[in-house]
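Q: no sequence on hand, only this structure:
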């Protein structure tokens, strides 16, 4: 591990000021960053420990939603009665995402900001554009069973690992961010993560030194919701494909449907056009099968991950039909 300096600021302003130096990194739970530092993949020269900042708490918003502090642990968020009752897909996603030990340590913002990665990212002997831009993507011609089928590029086909982010995308959450100037801004979570394009080393749209201070959930939507995750083993593992879905179908007719997919792209994948097509569908409608086909219409596979196309199609169709049918 590369030598580094360490600082524990007492305020958000102090933390942002401490980031004004080369190769500085925020440290909260450390469940992703510390692992990457041990493997010499991440090499920050200065760690800014924000774990003691006043960024905890889950509070009601005037609009009827929830403001979740950046340092709320995944355990706290999954167990909160308001989350379990109003946003069950969020609680389900967190409980499916990691072991209890990791949930006790991992934070809300850290979960959103974990690196999009694959086994080749961890193998420093193999080319990886995320780790070393311009070196190539070993996964494209390598073992790519877990990799992206949507939104990938020739530079990277890794998938985003967060389950919580998929649920947040389906719930249309927002992210509160503060920069070095002291000004705060709010952006839709759909705009937080980015597709790889020609710069796969950039996972998010955040500017250097910006700090996520909260996750904002809107008022709970009407309807039934679920988070479903298909993985290789029953114990904790990254998703082959996951879906966060909500269907509001009173009297057997769909008024609203929301979808977000995990395990298929470099970021949580929201097929907004498919959601619109479901409006007005009956509970037993073939529209759910059509939605499954539409989600993967532009899928591109790389050999070992060919199976993800029919798996995604069937998972989407079955989940929507079950929610609509009650």
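A: Perfect, thanks for sending it. Please read all numbers here as calculations on a predicted model, not as lab measurements.
Q: and the closest residue to residue 79 other than its chain neighbours, which of the three is it?
A: In space, residue 79 comes closest to residue 91 once its chain neighbours are excluded; the distance is 7.8 Å by C-beta to C-beta, 6 or more residues apart in numbering. In this view, the C-beta of every residue, glycine as well, is placed from N, C-alpha and C. Each residue gets one of three states, and residue 91 gets helix by DSSP: H, G, I helix; E, B strand; the rest coil.
Q: dump the residue contacts of residue 91.
A: By C-beta atoms under 8 Å, 6 or more residues apart in numbering, residue 91 lies in contact with 77-80, 83-84.
Q: likewise for residue 258?
A: Residues touching residue 258, when contacts are defined by C-beta under 8 Å, 6+ apart, comprise 170-172, 221, 244-246, 275.
Q: check residue 243 too.
A: Contact criterion C-beta under 8 Å, 6+ apart gives 166, 227-228, 259-262, 315-316, 319 as the residues in contact with residue 243.
Q: ok, now with 7 Å
A: Listed by C-beta atoms under 7 Å, 6 or more residues apart in numbering, the contact set of residue 243 reads 228, 259, 261, 315-316, 319.
Q: next step: those restricted to strands.
A: With strands defined by DSSP state E, the entries of those inside them are 228, 259, 261.
Q: tell me what the second one is bridged to.
A: Each beta-bridge partner of residue 259 is listed here, defined by DSSP bridges: residue 245.
Q: okay, domains of this structure per the record?
A: For the chain, whose domains are defined here by automatic domain parsing, the residue ranges read 1-50, 224-325.
Q: any chance of those in a markdown table with distance to residue 199 as columns?
A: Supplementary listing: the domains of the chain in a markdown table, determined by distance: least, C-beta to C-beta, whole Å:
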| stretch | distance to residue 199 |
| --- | --- |
| domain 1-50 | 17 |
| domain 224-325 | 11 |
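Q: now, of these, which is deepest in the fold?
A: Neighbour counts averaged per stretch over those are highest for domain 224-325, at a mean of 19; criterion: mean count of other C-beta atoms under 10 Å.
Q: for that domain, what is the distance to the chain centroid?
A: The gap between where domain 224-325 is centred and where its chain is centred comes out at 16 Å by C-alpha atoms, centre = their mean, to the nearest Å.
Q: pLDDT of that domain, averaged?
A: When pLDDT is averaged along domain 224-325, the result is 93.
Q: what about residue 109, how many neighbours?
A: Residue 109 has 25 neighbours, counted by other C-beta atoms under 10 Å.
Q: flag every buried residue along whichever helix or strand it is part of.
A: Counting by DSSP states H and E, the element that carries residue 109 is helix 108-113. Going by neighbour count (16 or more other C-beta atoms under 10 Å), the buried part of helix 108-113 is 108-113.
Q: tabulate these (TSV), appending pLDDT and distance to residue 199.
A: Written out in TSV, the entries for those read as follows (pLDDT from 0 to 100; distance: C-beta to C-beta, whole Å):
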residue	pLDDT	distance to residue 199
108	98	26
109	97	22
110	97	22
111	97	23
112	97	19
113	97	17
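Q: which helix in this structure runs the most residues?
A: Longest helix in the chain by number of residues (criterion: DSSP state H): helix 308-325.
Q: show me what that one is packed up against.
A: Judged by 3 or more C-beta pairs under 7 Å, 6 or more residues apart in numbering; DSSP states H and E, the packing partners of helix 308-325 are strand 224-230, strand 241-248, strand 256-262, helix 287-295.
Q: mind checking these for the one nearest to residue 133?
A: Using C-beta to C-beta as the criterion, the shortest distance between residue 133 and the helices and strands packed on helix 308-325 is 25.2 Å, found for strand 256-262.
Q: ok, then the element right after that closest one?
A: Sequence order places helix 272-278 as the next helix or strand after strand 256-262, per DSSP H and E.
Q: list the contacts of that next one.
A: The set of residues that contact helix 272-278 without belonging to it, under C-beta under 7 Å, 6+ apart, is 254, 257-259, 287, 291, 294-295.
Q: nearest to residue 209, of the domains of the chain?
A: Comparing those by their distance to residue 209 (C-beta to C-beta), the top pick is domain 1-50, with 4.0 Å.
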